[in-house]
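# Sequence plus the predicted model coming up.
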Amino acid sequence: MIHIYQGFKTTLKVFGLLLFTMATSFCADAQEEKLEDLDSLIDELFFNDQQFLDELIESDFSFNFLYTSFSYNSNTYFSGRDSGTDQFNIIPQVSYYHSSGFNASISGIYYENFTPSWDFTSVSLGYFNALGKHKNIIYNVGYTKYFYSDDFDDFTNSLDVSAGIRNKKRTLGTTISASYLFGTDESYQIVSNSFVNFTLKRTSNFAVRFRPNISFIIAKQSISFIKPMISPNGPQLTEFTENIFDLLNTQISVPISVTANSWDFEVGYNLNLPNAVVKEGALNSAGFFNLSVGYMFDLNRKK
């Protein structure tokens, strides 16, 4: 069987951007409605920018800070599909948030066995806010610029929008994120995520949480595949391209987070359930472990 992501650079890059989107996507999570100071914010961070945004929007004080994170995935799958070699990937990120709603981040992704290993660096600018009486509808709009380590220029820009809704107690929620990718080519993708949040233990400066969630990745793809064709000179292998817009992968994640003061940690297991498209044969489910660590720097804190 010829896997659609092997040997076709554009398809592989889009799947890589989808992987990156999943790792850094916005998602509404459980929150507390009242906070005493900025240090309390870190207690609600679940390795996900949108949860932090939720908490910030509900606060009644000014904030100005940097959040740094480092994420490790034990194996690499592109929209649930094996990359063809066992390899881990690492995603470092630095984000800035201001009480005006402005946010910015710089990030990238490193693959253990690809050449070059550092695939790209991304720079994002955005604005977030909340709607509704209980501020249970969160949205974020933004723009992302990609700088690739090779000469790839099909998708160098992205317009992004996300919207999330959660219940009043912040124990259930769903987010939908959409991106329009463009450069010398164009594509678009939709990622939805739904979660249930359980607080296992909590004190004034320490918390342990379990938050199972399920995500769906839908994207427009130009899929290349090889098919034998009959010609006057006999059978020949011919490359075809077909455009699709379909569900590519369903991912179930079971993470546990620990937050303490300005630090947070997460360990989790993720199961991919890829959906075969076009000429793909049956795809097997596959799992991997993730580990993340983050730290917040309060830029308003007095020395």
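Nice, thanks for sending it over.
# Tell me which stretches of the stretch 151-300 of the chain form strands.
With strands called from DSSP state E, counting those that start in this stretch, the stretch 151-300 of the chain shows them at 157-166, 172-182, 186-196, 198-202, 206-210, 213-231, 234-260, 263-274, 286-298.
# Setting aside sequence neighbours, what's the nearest residue to residue 168?
residue 134 (5.6 Å; CB to CB, 6 or more residues apart in numbering). Bear in mind the C-beta positions are built from the backbone N, C-alpha and C, glycine included.
# Burial check on the one you found, number of neighbours?
13 (other CB atoms under 10 Å).
# Find me the pLDDT at it, would you?
Looking at residue 134, its pLDDT stands at 71.
# Helix, strand or coil: sort out it for me.
Per DSSP: H, G, I helix; E, B strand; the rest coil, the local secondary structure of residue 134 is coil.
# Got the phi and psi for it?
Per-residue torsions, residue 134: phi -100, psi 10 (degrees, to the nearest 10).
# hang on, it packs against residue 169?
No - in this structure, residue 134 is not within contact of residue 169 by CB atoms under 8 Å, at 10.2 Å.
# Tell me who's in contact with residue 273.
80, 249, 250, 251, 252, 285 (CB atoms under 8 Å, 6 or more residues apart in numbering).
# Kindly reformat those residues as JSON lines containing pLDDT.
Shown next, in JSON lines, are the contacts of residue 273 (pLDDT from 0 to 100):
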{"residue": "80", "pLDDT": "83"}
{"residue": "249", "pLDDT": "91"}
{"residue": "250", "pLDDT": "95"}
{"residue": "251", "pLDDT": "94"}
{"residue": "252", "pLDDT": "96"}
{"residue": "285", "pLDDT": "94"}
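# Can you select the buried ones from those residues in PyMOL?
Restricted to buried positions by 16 or more other CB atoms under 10 Å, the PyMOL selection for those reads:
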select buried, resi 80+249+250+251
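# Closest one of the contacts of residue 273 to residue 162?
Minimum distance to residue 162 across the contacts of residue 273 is 16.9 Å, recorded for residue 251 (CB to CB).
# now the closest one: how far from residue 274?
Per CB to CB, to the nearest Å, residue 251 is found 9 Å from residue 274.
# Between the two, which contacts overlap?
With CB under 8 Å, 6+ apart, residue 251 and residue 274 have common neighbours residue 80.
# In this structure, where is pLDDT below threshold?
For the chain, the stretches with pLDDT under 70 are 1-62, 222-241, 301-303.
# at 80 instead, please
Filtered on pLDDT under 80, the chain yields the residue ranges 1-63, 83-84, 99, 130-136, 168-170, 204-205, 221-244, 278-281, 298, 300-303.
# check contacts around the residue found closest to residue 182 once you drop the neighbours it is linked to in the chain.
Closest residue in space to residue 182, ignoring its immediate chain neighbours: residue 157 at 5.3 Å, by CB to CB, 6+ apart. Residues in contact with residue 157 (CB under 8 Å, 6+ apart) are 143, 144, 145, 146, 181, 182, 183.
# roughly how far apart are residue 157 and residue 95?
According to CB to CB, residue 157 stands 19 Å off from residue 95.
# now do residue 209
20 Å.
# Specify the beta-bridge partners of the residue nearest to residue 277 when sequence neighbours are not counted.
Of all residues not flanking residue 277 in the chain, residue 246 sits nearest, at 5.0 Å (CB to CB, 6+ apart). According to DSSP bridges, the residues that bridge with residue 246 are residue 219.
# quick one, what contacts the residue nearest to residue 142 when sequence neighbours are not counted?
Computed as CB to CB, 6+ apart, the closest residue to residue 142 that is not its neighbour in sequence is residue 126, at 2.9 Å. Residues in contact with residue 126 (CB under 8 Å, 6+ apart) are 102, 103, 104, 140, 141, 142, 143, 160.
# Would you mind checking those residues for buried ones?
103, 140, 142, 160.
# Is the first one in contact with residue 97, as I believe?
Yes - using CB under 8 Å, residue 103 is in contact with residue 97, at 5.0 Å.
# What is the burial count for residue 70?
13.
# can you pull the contacts of it?
Contact partners of residue 70, counting by CB under 8 Å, 6+ apart, are 90, 91, 92, 93, 292, 293, 294.
# Filter these down to the buried ones, ChimeraX style.
In ChimeraX, a selection of the buried entries from those looks like this (16+ other CB under 10 Å):
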select :91,93,292,294
